[in-house]
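[1] predicted structure and sequence below. I'll ask about it afterward.
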Amino acid sequence: MLEKSKIEEVFIDQFSQFKNKNSGMERMVNIKKYLATEQVVVISGIRRCGKSTLLKQFADHLNNFYYINFDDERLINFTVDNFNDLLAVWQKNFKSTNILIDEIQNIKSWERFIRRIHDEGYKIFITGSNSKLLSSELSTHLTGRYKKLELYPFSFVEFIKFKNIPAQAKTTEEKAVLSKFFSEYLSRGGFPEYIKNKDTETVKRIYEDVIYKDIIARFGIREIKSFRLLANWLFTNFTKEASYNSLAKILGIKTAATVSEYVSFLQEAYLLFELYKYDYSLKKQYTSNKKIYVIDNGLRNEIAFSVSEDRGRLLENIVFIELKRRGQEAYFFRGKKECDFILLEKNKIKQALQVSLDFNGNNKKREMDGLLEAMIKFDLPSGVILTEDQEEEIKISGKKIKIQPVYRWLVEN
């Protein structure tokens with residue numbers, strides 16, 4: 001446990017810093033909607049993606065509030081038994097019914113305290129960096145009492161807003177400017193601090209903090225070398241298919257079950273995501289190879305071992321993360337050919353997307369065939385091929401295919 005006097009000292013220090021914190025650029029979040037709800041607002045996402053800044057933006061709309069950040073070494077001995085002391089410290093200093101808490105997953109059994117004070121009428125906003133930990137504890141103790149908001153690094157629309165570039169491009173000159181900044185976004189990604197300072201150590205530090213603090217330390221991983229090799233292999237070979245068995249053999253990890261567990265830890269910390277192959281059989285979906293995507297291109301480029309620019313795979317990764325950001329349920333499709341993404345809505349395939357850096361004579365038939373096969377199988381009248389900078393429309397076999405630059409798709413859809 002922590003002494004009450006120490007809790008008060010940390011609170012006063014943190015509160016002063018948080019209140020004077022720059023509110024940053026407004027994110028594409030409906031703040032009014034979350035302010036209006038009586039439910040606990042849960043903001044989750046990878047470290048340094050802007051959760052604390054978004055919390056400050058919520059705070060700017062409140063007359064007064066309590067605040068604490070548990071990602072602070074001074075609170076390392078804070079336990080669930082200290083929550084009453086914390087509440088007493090807050091109430092001693094001033095009165096409020098609004099509570100903002102950063103990185104709450106660092107305190108074991110936090111959800112019982114949150115449920116109690118929510119039932120007492122407090123309006124609560126919390127952030128966390130572990131998806132499964134938050135989800136399991138919320139669903140167990142806060143069912144029906146919370147609204148979840150997943151935050152990612154900047155989208156392209158947020159990126160150009162940060163750069164003061166208009167999203168709408170009508171003239172040739174405006175399109176060229178948008179294309180230029182998209183090229184930067186393609187390689188640098190969307191971590192706010194990295195975009196601002198362009199210091200590669202920023203994203204390297206984010207990666208190391210997630211690997212060690214959010215995964216190795218939290219889950220007590222002993223085979224640290226094997227775990228790090230797996231993480232690096234997945235970042236290097238992103239957008240490719242992988243099986244747990246093959247990864248175990250390639251990297252010398254004892255069992256496929258261990259690989260599966262390590263991948264789940266990486267997903268929980270928002271470092272990467274698995275995309276399933278679409279199949280009517282759930283069993284086949286779960287047992288088939290998965291494709292791996294990573295949270296951010298800039299992070300990937302600083303971490304992965306790569307001898308080429310990988311622009312095509314970076315392009316595909318951007319599309320996947322944007323689908324995640326939009327809450328789309330996506331799969332990849334494979335019949336005789338492959339389609340990168342098919343989107344499911346209300347148990348029905350609604351759209352097919354293919355991503356190709358260039359759409360030309362060398363790959364035109366392959367990309368078209370994969371998309372057409374998916375369109376025919378799922379009876380879709382149209383499909384989309386996303387490229388780096390090409391734009392046209394094709395009609396073939398009674399189907400319409402729209403070819404569009406990814407940057408246009410990102411700002412117009």
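    Structure received. Numbering: from 1, shown residues only.

[2] show the subsequent helix or strand relative to the lowest-mean-pLDDT helix or strand in the chain.
    Using mean pLDDT, DSSP states H and E, the weakest-scoring helix or strand in the chain turns out to be helix 131-141, at a mean of 72. Later in the chain than helix 131-141, the nearest helix or strand by DSSP states H and E is strand 146-150.

[3] mind listing residues that contact whichever helix or strand comes after that following strand?
    Remark: after strand 146-150, the chain's next helix or strand is helix 156-162, criterion DSSP H and E. Residues from elsewhere that reach helix 156-162 (C-beta atoms under 8 Å, 6 or more residues apart in numbering): 25, 27-28, 154, 166-167, 178, 181-182, 185, 190, 192, 195, 318, 322, 407, 410-411. C-betas here are computed from N, CA, C, even on glycine.

[4] any weak-confidence spans in this structure?
    Low-confidence segments of the chain (pLDDT under 70): 133-134, 137, 307.

[5] care to break it down by domain?
    4-150, 154-308, 328-413 (automatic domain parsing).

[6] which parts of stretch 253-267 are buried?
    253, 258-259, 262-263, 265-267 (16 or more other C-beta atoms under 10 Å).

[7] centre of the chain to that stretch, how far?
    Taking C-alpha atoms, centre = their mean, to the nearest Å, one finds the center of stretch 253-267 at 20 Å from the center of the full chain.

[8] equivalent analysis for stretch 335-355, please.
    21 Å.

[9] list the contacts of Ser131.
    By C-beta under 8 Å, 6+ apart, the contact list for Ser131 reads 44, 150, 267-270.

[10] returning to that earlier point: filter the contacts of helix 156-162 down to the buried ones.
    Counted by 16+ other C-beta under 10 Å, these give 27, 154, 178, 182, 185, 190, 192, 195, 318, 322, 407, 410-411 as buried.

[11] for Ile321, grab phi and psi.
    phi -60, psi -40 (degrees, to the nearest 10).

[12] is it true that it touches Tyr293?
    Yes: the pair Ile321 / Tyr293 is scored as a contact, 6.7 Å apart, by C-beta atoms under 8 Å.

[13] and stretch 360-378, what's buried?
    367-375, 378.

[14] try stretch 339-352
    So stretch 339-352, judged by 16+ other C-beta under 10 Å, has buried residues 339-343, 349, 351-352.

[15] now do the same end-to-end measure for that stretch.
    Start-to-end span of stretch 339-352 (C-alpha to C-alpha, to the nearest Å) is 7 Å.
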